[in-house]
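Peer 1: next input, structure requested:
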Amino acid sequence: MRVRKLQDGCSWVLGKLPEGCKLCAKGAKLVLFITGKCLLPKECSWLCPVSNEKKGVDVIYANERRVISIEEVLEEASLMDAEGTGITGGEPLLVLDRTINFIKCLKENFGEKHHVHVYTSGKNLTKEELNKLVDAGLDELRIHIPTLEVLRLALEYPVRVGVEIPVIPGSEENLVKLAFQLDELGVDFLNLNELEFSESNAEELRRRGIFPRDDGIAAEGSEEAATRLLEAVKGSLSLNIHYCSARFKDSVQLRNRFLRRAQRVARPYEIISDDGLLVKGVIHGVPVSELDKLAEFLKKKFKIKQEMIWVNYEKERIETSIEIAYKIAKKLRERNFEIGILEEYPTHPPRLEVEYTPL
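Peer 2: Take a look at the predicted model:
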């Protein structure tokens, strides 16, 4: 099989890329965090990068948006033109009925081609759970703790079955053994994630002698271990193996997802940057009671079209285009208002502001 480098140059695939990963790379997969509840398996809980805000808490997020209903999930999927959904946690099987319901609703609303994969530790996985998942329309199952018993059970069902694990530095010998076992069993793919640092796992990783790279987002030696695995097994296996770097998730997957959402939510005065951010002019420092009055004044004074200026009551500011912001900046500064250029994520409000440049 041929090794292909992916878009960031630091991720690679040996053989075929799993369908769920193809959609993630396009930014076309909704990330549905269905619960923070977890069995806390000793094999992986110590390195889990889920944030403290979510870990152990029964909350639901559709991408970055906290939601409480299936309607909100469907809206978020529509706003990014999702072609699939990855259901993660926590342990999705701890809220099996919720997981089943969401899979059915996604399939009913977006069609059978809407690709759904579910992550699970595989702990206590039963035939009854698998029957329900398959009946709901599950396409792909990704198992974190790959015991032979669980894998053999999952392989009896008409879904793609893969193993997905983080690469612990220095673990290449164990990974090689695992890859040969998975190949012999007929597992569809092995996904290797670069081990990520987060606020929730950093202390434990350091205690175990694992340290972050200079960029602080991933572990030193994780990528190197994955590369050594590739060298050891290429040409020997028919198993599809995919290594996904932390940089790929940030610079390719997330960027592409932002671009898709930005194209659907951008207002007429907002520009979409190459990174999928919304860029616009903003006027601050206006009393809330005066926002409408000032916006009307600016429309008449500078002949601004209705769709090119908007009062954002939630953020207590007036928004307009970059071009108009430059045009009216002097007048506003004379009245002691603050005006500048803002870049923010195209996510569900309140959006994270990335950069502000005063004019």
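Peer 1: and Tyr356, what does it touch?
Peer 2: Neighbouring residues of Tyr356 by C-beta atoms under 8 Å, 6 or more residues apart in numbering: 282, 340-343. From N, CA and C alone the C-beta is placed, and that goes for glycine too.
Peer 1: and what of Ile304?
Peer 2: Per C-beta under 8 Å, 6+ apart, neighbours of Ile304: 298, 320, 324.
Peer 1: please indicate which of the residues you listed are buried?
Peer 2: 298, 320, 324 (16 or more other C-beta atoms under 10 Å).
Peer 1: so what pairs up with the second one in the strands?
Peer 2: Listed beta-bridge partners, Thr320: Gly281, Ile309 (assigned using DSSP bridges).
Peer 1: where does it land on pLDDT?
Peer 2: Thr320 is assigned 97 on the pLDDT scale.
Peer 1: distance check, it against Ile304.
Peer 2: Thr320 sits at a distance of 7 Å from Ile304 (criterion: C-beta to C-beta, to the nearest Å).
Peer 1: same deal with Ala25?
Peer 2: 40 Å.
Peer 1: quick one on the thing from earlier: TSV for the buried ones among the contacts of Ile304, including distance to Asp250?
Peer 2: Converted to TSV, the buried ones among the contacts of Ile304 look like this (distance: C-beta to C-beta, whole Å):
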residue	distance to Asp250
Leu298	38
Thr320	30
Ile324	32
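Peer 1: for Glu156, state which of these is nearest.
Peer 2: Closest approach to Glu156 among those (C-beta to C-beta): Thr320, at 59.4 Å.
Peer 1: so what's that closest one up against?
Peer 2: Counting by C-beta under 8 Å, 6+ apart, Thr320 touches 269, 280-283, 298, 304, 308-310, 328.
Peer 1: one more: Arg160?
Peer 2: 18-19, 117, 139-141, 188-189.
Peer 1: any idea which of the contacts of Ile304 is the one closest to Cys10?
Peer 2: Thr320 (39.5 Å).
Peer 1: grab the nearest non-local neighbour of Pro350.
Peer 2: When the adjacent residues along the chain are set aside, Pro350 lies closest to Glu314, with 6.6 Å between them (C-beta to C-beta, 6 or more residues apart in numbering).
Peer 1: what is the burial count for the one you found?
Peer 2: Glu314: 9 surrounding residues under other C-beta atoms under 10 Å.
Peer 1: and if you look at Ile341?
Peer 2: Ile341: 18 neighbours (other C-beta under 10 Å).
Peer 1: quick check: mean pLDDT of stretch 194-207?
Peer 2: Averaging pLDDT along stretch 194-207 gives 96.
Peer 1: name the residues of that stretch that are buried.
Peer 2: Quick answer for stretch 194-207 (16+ other C-beta under 10 Å): 194-197, 200-202, 205.
Peer 1: adjacent strands (with direction) for the helix or strand of the chain with the lowest mean pLDDT?
Peer 2: Counting by mean pLDDT, DSSP states H and E, the chain has its least confident helix or strand at strand 3-5, which shows a mean of 87. Next to strand 3-5 in the sheet, as set by DSSP bridges, lie strand 12-14 (antiparallel).
Peer 1: end to end on stretch 333-341, go ahead and measure it.
Peer 2: 14 Å (C-alpha to C-alpha, to the nearest Å).
Peer 1: report the buried residues of that stretch.
Peer 2: Buried-residue list, stretch 333-341, by 16+ other C-beta under 10 Å: 337, 339, 341.
Peer 1: ok, of those, which one's closest to Gly170?
Peer 2: For the buried residues of stretch 333-341, the nearest to Gly170 is Ile341 (46.5 Å; C-beta to C-beta).
Peer 1: not counting its neighbours along the chain, what's nearest that closest one?
Peer 2: Of all residues not flanking Ile341 in the chain, Thr357 sits nearest, at 4.6 Å (C-beta to C-beta, 6+ apart).
Peer 1: and that neighbour, how close does it get to Thr347?
Peer 2: Where Thr347 is concerned, Thr357 sits at a distance of 21 Å (C-beta to C-beta).
Peer 1: so those two - more neighbours on which side?
Peer 2: Between Thr357 and Thr347, counted using other C-beta under 10 Å, the more crowded position is Thr347 (20 against 9).
Peer 1: so who does that one touch?
Peer 2: Counting by C-beta under 8 Å, 6+ apart, Thr347 touches 63-65, 258, 261.
Peer 1: Gly137 now?
Peer 2: 103-104, 106-107, 112, 116 are the contacts of Gly137 under C-beta under 8 Å, 6+ apart.
Peer 1: mind putting those residues into JSON lines with distance to Ser69?
Peer 2: Below are those laid out as JSON lines (distance: C-beta to C-beta, whole Å):
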{"residue": "Ile103", "distance to Ser69": "16"}
{"residue": "Lys104", "distance to Ser69": "15"}
{"residue": "Leu106", "distance to Ser69": "14"}
{"residue": "Lys107", "distance to Ser69": "17"}
{"residue": "Glu112", "distance to Ser69": "23"}
{"residue": "Val116", "distance to Ser69": "18"}
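Peer 1: can you turn the buried part of those into a PyMOL selection?
Peer 2: In PyMOL, this line selects whichever of the contacts of Gly137 come out buried by 16+ other C-beta under 10 Å:
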select buried, resi 103+106+107+116
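Peer 1: which members of the contacts of Gly137 occur in helices, if any?
Peer 2: 103-104, 106-107 (DSSP state H).
Peer 1: thank you, goodbye.
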